[in-house]
Each structure stands twice: as C-alpha cells, then as structure tokens.
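In: The sequence isn't on hand, but the structure is:
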C-alpha cells in the first residue's frame, strides 16, 4: 500500500528545482509535523511544522523547564521513523522541587515508544526511569523547499510571496523573511522564482 506524499512532488519539476537550488535561490530542509503527546489523555495534538522557527508552540509546555532532564530519540511510529522529545524523572531528584514525578503524570505512550528495540537514542535517560508530562513527537519528516534572499529587503520578499500560489508560509524573525513551502512549489511558482530571482 503506497502512502500519499503531502509535498505533492512533480517529477517534471526536478530539473528546475535542481537549477534553482544550485543558484542558491531555493534550499531544502528536513521538516516534519510536530505533535504533542498528552500524558493524561494520551491524545495527539498536531501543533504545526518542526522547522526551528516554529519552536515556541511546544517549548511552553510546563514540564520542559530548563532544569528538567530530557531525552531525544528516533523511534518507530506508524511504520515510519519519528523523533521524540520527552522529560523524564531523575532518581537523584526524587523528593526535591525538581522531581517531575511529583508534579506531572506519567507518559506511558512516550515510555512505550522509547523502550522499543529499534529506538536509537540521541541523548539519553537512565534505564528504569519513566517519562513525565507531555512529550513531543515529530512525524512525517520530509524535505521542504525554502526561499530566502538576504540581499532583498523584507517588503520585496513579502510582495513576491503574495504572487505565489503554492501552499506556503512567510516566516519572519530578526532577519529577512523566508518563504517556507508546505508543498513542492508548483510549475507557475517555479517560473516566477526563476524569472524574478535568477
């Protein structure tokens, strides 16, 4: 059974995408769908993309305070690789104000994913400790196209963005805005990118 690709790739666009990439007009970044795994309800709440400019949606989770021990690992979920980040109880902190087990409920689903034989921990937790509080699971990780131009001013990029038709989002931070494409840019947008920025 083949799964549909949410990026809607078009094989006929490969050469143009390669050309735009080589000229530095488009770049690719691995981005997935970020989900919050609620400890109490075991519910999954999609909160958007895992691009680093979208971080604040989950960093406000109360169990992710700066002193909380965290684990990040690659796990199998829905027949795909996914990245989990969770907070866990530290045996040395039991009975202290930093004891997560006395504040947050156990996250059994996070524990189960982290204890699979195929799990590859990035940075670890001790064997025998449990996860507490909500966890974050990034699924459906794929390469997304990003447009940025550090020589153009912000208004110029925003005007260009208004001309495009591919589902996308303009991201602004302290730097120039970038255009994050939710799907592969369509043929009309690729022509516009080539004509305007080549």
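Out: Noted; the coordinates are in hand. All values derive from a computational prediction rather than experimental measurement.

In: what about whatever helix or strand residue 155 lives in, average pLDDT?
Out: Secondary structure from DSSP states H and E places residue 155 in helix 154-163. In this model, helix 154-163 carries a mean pLDDT of 94.

In: Can you tell me which helices and strands the helix or strand that it is followed by packs against?
Out: Counting by DSSP H and E, the next helix or strand C-terminal to helix 154-163 is strand 168-171. Where contact means 3 or more CB pairs under 8 Å, 6 or more residues apart in numbering; DSSP states H and E, strand 168-171 is packed against helix 154-163, strand 178-181. All C-beta atoms are positioned from the backbone trio N, CA, C, and that covers glycine.

In: Residues contacting strand 168-171, please?
Out: 51, 53, 157, 158, 161, 177, 178, 179, 180, 181, 182 (CB atoms under 8 Å, 6 or more residues apart in numbering).

In: Surely residue 154 touches residue 176?
Out: Yes - taking CB atoms under 8 Å as the definition, residue 154 is a contact partner of residue 176 at 5.8 Å.

In: Comparing those two, which residue is more hemmed in?
Out: With other CB atoms under 10 Å as the criterion, residue 154 and residue 176 differ in neighbour count, and residue 176 comes out ahead with 15 against 12.

In: Next up, the contacts around the spatially most central residue of the chain.
Out: The structure's the chain has its C-alpha centroid closest to residue 50; by CA atoms, centre = their mean the separation is 1.4 Å. Residues touching residue 50, when contacts are defined by CB under 8 Å, 6+ apart, comprise 31, 32, 33, 34, 83, 138, 141.

In: Need the pLDDT of it.
Out: Residue 50 is assigned 87 on the pLDDT scale.

In: I'd like to know how far it sits from residue 141.
Out: Separation of residue 50 from residue 141 (CB to CB, to the nearest Å) stands at 7 Å.

In: shared neighbours of those two, anything?
Out: Contacts common to residue 50 and residue 141, judged by CB under 8 Å, 6+ apart, are 31, 32, 83.

In: Name the nearest residue to the second one, sequence neighbours excluded.
Out: With CB to CB, 6 or more residues apart in numbering as the criterion, residue 32 has its nearest non-adjacent residue at 3.6 Å, and that residue is residue 141.

In: repeat for residue 164
Out: Residue nearest to residue 164 in three dimensions, not counting chain neighbours: residue 189, with 4.9 Å by CB to CB, 6+ apart.

In: and what of residue 33?
Out: Nearest residue to residue 33 in three dimensions, chain neighbours excluded: residue 140, at 4.9 Å (CB to CB, 6+ apart).

In: hang on, isn't that neighbour packed against residue 6?
Out: Yes - applying CB under 8 Å as the test, residue 140 and residue 6 come out as touching, 6.7 Å apart.

In: Which residue of these two possesses the greater neighbour count?
Out: The residue with more neighbours, out of residue 140 and residue 6 and counting by other CB under 10 Å, is residue 140; that gives 18 against 11.
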